[in-house]
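Peer 1: sequence-free structure coming up:
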Ligand code: NAD
Ligand code: UDP
Ligand code: UDP
């Protein structure tokens, strides 16, 4: 198989890598990729929005250690590389306990930075396009300062992640640490939870069950969806990048689509009989979101490869299997 540029390979020196949030949607794919590349992986998760099922197939792996812990409490492990992915990412989940979300973003980040400092390690922070809030410029490049509400129901996540970035910058400046910030845009794929609440999983599960597709508002708001394999490739490439790498760097897809078009596309690809129904638009829902990937392409040589249709088909097939297995277990 062709080796992608900068991808950690089995030939690279195996490292001891910590993934926080390793039982989540993105974290579990990352853990799998790192094990496959020959690294020793420690996964820390409190299973608040992730699931043991996501890593069940890896549990017997001799190079994986899973620790059930909240990163709001200090974490003492030894690691050379750290991916800080712990934090609920679905608006439904992060708004369930907003104060806990802030603590995870801020106190959890502080602990991870303390850990990075003590270990003289390298850290990637999973930041988010939400630091741009409801953007007034499209596409968003890394110099855009954002349009974020300090008090809306999304603020616990948006402002939490912004503060986490500020902590990263201060630790980098004061302690000369190798800290990298990935601003991740909407990512989808297998292992999203059925009840995750994010749009791709909602639409696919609704379509497969022939239930109404719930479009919030008019459905004219846009997002740009990146397939999970591409995103994981982006973050591992960022970790392998040179020591003078400038971040933050946006990682995502430029294929912008309205939620109405996404609903129609999912209906077409699933052959579903579902009808589209409109529901109230959540407070402060960003109207448009699309990354400028100039930095990712020029600094990392990275860009997404999977077309939305192809990624959706893979995700539909994964959810179809999951729902069939659930139905089978109910009829047994
Ligand atoms: P997810 O909710 O599926 O995974 C998050 C994981 O972190 C879960 O396993 C959860 O149990 C764990 N976790 C949460 N709080 C924790 C805590 N205090 N201590 C220990 N573990 C904790 O979300 P995801 O989509 O996999 O997102 C992973 C990371 O990527 C998050 O930091 C998120 O902000 C960021 N991100 C994701 C997206 C996306 O589209 N998926 C976009 C931008 C940023
Ligand atoms: N910390 C941690 N693991 C470590 C080292 C530190 O969780 O291996 C925590 C520590 O409890 C502290 C935070 O990280 O709350 C920041 O640590 P730092 O050493 O930067 O600050 P200090 O302890 O001096 O306040
Ligand atoms: N959305 C929708 N129907 C759903 C879930 C979400 O129309 O069942 C919309 C939501 O209002 C937002 C977009 O889809 O405009 C993306 O929502 P998601 O929660 O996936 O991510 P985020 O808002 O954090 O980008």
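Peer 2: Now that the structure is in, tell me what you want to look at. Because the structure is predicted, anything quoted here is derived from the model rather than measured. Ligands and ions are numbered 1, 2, ... in the order given.
Peer 1: touching ligand 3 at all, the longest helix seen in the chain?
Peer 2: Criterion DSSP state H: the longest helix present in the chain is helix 308-331. No - judged by Cβ under 6 Å from any ligand atom, helix 308-331 makes no contact with ligand 3; its nearest approach is 12.9 Å. C-beta here means a position set from N, CA and C on the backbone, and glycine is covered the same way.
Peer 1: Check which helices and strands that helix sits against.
Peer 2: Contact analysis of helix 308-331 by 3 or more Cβ pairs under 8 Å, 6 or more residues apart in numbering; DSSP states H and E lists strand 187-188, helix 199-208, strand 226-227, helix 259-270 as its packing neighbours.
Peer 1: Can I get the ones you listed in JSON lines including mean neighbour count, mean pLDDT and distance to ligand 3?
Peer 2: Formatted as JSON lines, these follow (neighbours: other Cβ atoms under 10 Å; pLDDT from 0 to 100; distance: least, Cβ to the nearest ligand atom, whole Å):
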{"stretch": "strand 187-188", "mean neighbour count": "26", "mean pLDDT": "98", "distance to ligand 3": "8"}
{"stretch": "helix 199-208", "mean neighbour count": "23", "mean pLDDT": "98", "distance to ligand 3": "3"}
{"stretch": "strand 226-227", "mean neighbour count": "24", "mean pLDDT": "98", "distance to ligand 3": "12"}
{"stretch": "helix 259-270", "mean neighbour count": "19", "mean pLDDT": "98", "distance to ligand 3": "4"}
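Peer 1: closest to residue 84 out of the ones you listed?
Peer 2: When those are compared by Cβ to Cβ, strand 187-188 sits nearest residue 84, at 16.1 Å.
Peer 1: Compute the distance from the centre of the closest one to the centre of its chain.
Peer 2: Put simply, strand 187-188 sits 7 Å off its chain's centre (Cα atoms, centre = their mean, to the nearest Å).
Peer 1: what do you get for stretch 284-293?
Peer 2: For stretch 284-293, the distance from its own C-alpha centre to the chain's C-alpha centre is 15 Å (Cα atoms, centre = their mean).
Peer 1: Just the residues contacting it, thanks.
Peer 2: Contacts to stretch 284-293, defined as Cβ atoms under 8 Å, 6 or more residues apart in numbering, come from residues 129-130, 132-135, 138-142, 149, 152-154, 183, 185-186, 216-217, 220-224, 250-254, 256, 303-304.
Peer 1: Going by residue numbers, what spans are helices in the protein?
Peer 2: Listed in chain order, the helices of the chain (DSSP H) span 25-36, 91-94, 98-103, 109-119, 155-175, 199-208, 228-240, 259-270, 294-295, 308-331.
Peer 1: I'd like those as a markdown table, with distance to ligand 2 appended.
Peer 2: Below are the helices of the chain laid out as a markdown table (distance: least, Cβ to the nearest ligand atom, whole Å):
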| stretch | distance to ligand 2 |
| --- | --- |
| helix 25-36 | 18 |
| helix 91-94 | 22 |
| helix 98-103 | 12 |
| helix 109-119 | 2 |
| helix 155-175 | 7 |
| helix 199-208 | 32 |
| helix 228-240 | 19 |
| helix 259-270 | 40 |
| helix 294-295 | 28 |
| helix 308-331 | 35 |
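Peer 1: closest one to residue 77 among the ones you listed?
Peer 2: helix 109-119 (7.3 Å).
Peer 1: Any part of stretch 231-240 near ligand 1?
Peer 2: No - between stretch 231-240 and ligand 1, judged by Cβ under 6 Å from any ligand atom, nothing touches; the nearest distance is 7.7 Å.
Peer 1: tell me the mean pLDDT over that stretch?
Peer 2: Average pLDDT, stretch 231-240: 98.
Peer 1: Stretch 68-87 too?
Peer 2: 98.
Peer 1: Tell me the buried residues in it?
Peer 2: Neighbour-count burial for stretch 68-87, counted by 16 or more other Cβ atoms under 10 Å, picks out 70-72, 75, 79-87.
Peer 1: From those, pick the one nearest ligand 2.
Peer 2: Nearest to ligand 2 out of the buried residues of stretch 68-87 is residue 75 (Cβ to the nearest ligand atom; 4.6 Å).
Peer 1: ok, that closest one touching residue 118?
Peer 2: No - the pair residue 75 / residue 118 is not scored as a contact, 10.3 Å apart, by Cβ atoms under 8 Å.
Peer 1: Roughly how far does the closest residue to residue 136 other than its chain neighbours sit from residue 88?
Peer 2: Nearest residue to residue 136, sequence neighbours excluded (Cβ to Cβ, 6 or more residues apart in numbering): residue 147, at 5.3 Å. Applying Cβ to Cβ, to the nearest Å, the value for residue 147 to residue 88 is 23 Å.
Peer 1: related to what we said a few turns ago, average pLDDT across the longest helix of the chain?
Peer 2: Averaging pLDDT along helix 308-331 yields 94.
Peer 1: Nothing else from me, thank you.
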